[in-house]
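1. Predicted model and sequence below, questions to follow.
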Amino acid sequence: MISSVPPLVCAFIVSVPAAMPSRLDGLLLMYVGPDQILPLTSVLGGVIGVLLMFWNRLVGVLHRIKKFYSRR
């Protein structure tokens, strides 16, 4: 249980001195939480939304390009 861990141990784990490299540094740098992922998913959703709005035109243009090059 987390409540059984004394607060001093938690403070020591969080405040690792910069001169002492440890495995904890890599773990702290690899943290990815919802605050980093939500903006990325919003941008991805916007891009997919624009593609879906113009999907028929995009497919039509690609089809015309394919027909143009297949004639030659």
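-> Ah, there it is. Just so it is clear, the structure is predicted and the values come from calculations on it, not from any experiment.
2. Check whether residue 51 sits in a helix, strand or coil.
-> helix (DSSP: H, G, I helix; E, B strand; the rest coil).
3. tell me the contacts of it?
-> Contact analysis of residue 51 by Cβ atoms under 8 Å, 6 or more residues apart in numbering lists residue 58. (Each C-beta comes from the backbone N, C-alpha and C, glycine too.)
4. Quick check, pLDDT for it.
-> The confidence metric pLDDT takes the value 90 at residue 51.
5. what do you get for residue 8?
-> 44.
6. can you pull the contacts of residue 63?
-> Per Cβ under 8 Å, 6+ apart, neighbours of residue 63: none.
7. Got phi/psi on residue 33?
-> When read as degrees, to the nearest 10, the backbone of residue 33 gives phi -110, psi -180.
8. I misspoke; the intended subject was residue 54.
-> phi -110, psi 20.
9. so residue 31, which of the three states?
-> Using three-state DSSP, the secondary structure recorded for residue 31 is coil.
10. measure it to residue 39 for me?
-> As judged by Cβ to Cβ, to the nearest Å, residue 31 and residue 39 stand 16 Å apart.
11. Next: residue 70.
-> Taken as Cβ to Cβ, the span from residue 70 to residue 39 is 42 Å.
12. what do you get for residue 52?
-> 20 Å.
13. try residue 65
-> Between residue 65 and residue 39 the distance is 34 Å, computed by Cβ to Cβ.
14. what do you get for residue 63?
-> On the measure of Cβ to Cβ, residue 63 and residue 39 end up 35 Å apart.
15. low-scoring pLDDT stretches of this structure, where are they?
-> Within the chain, the stretches with pLDDT under 70 are 1-30, 72.
16. Helices of that one, residue ranges please.
-> 7-14, 23-29, 34-53, 55-71 (DSSP state H).
17. residues contacting residue 47?
-> Contact analysis of residue 47 by Cβ under 8 Å, 6+ apart lists nothing.
18. any idea how far residue 56 is from residue 64?
-> In terms of Cβ to Cβ, residue 64 sits 13 Å off from residue 56.
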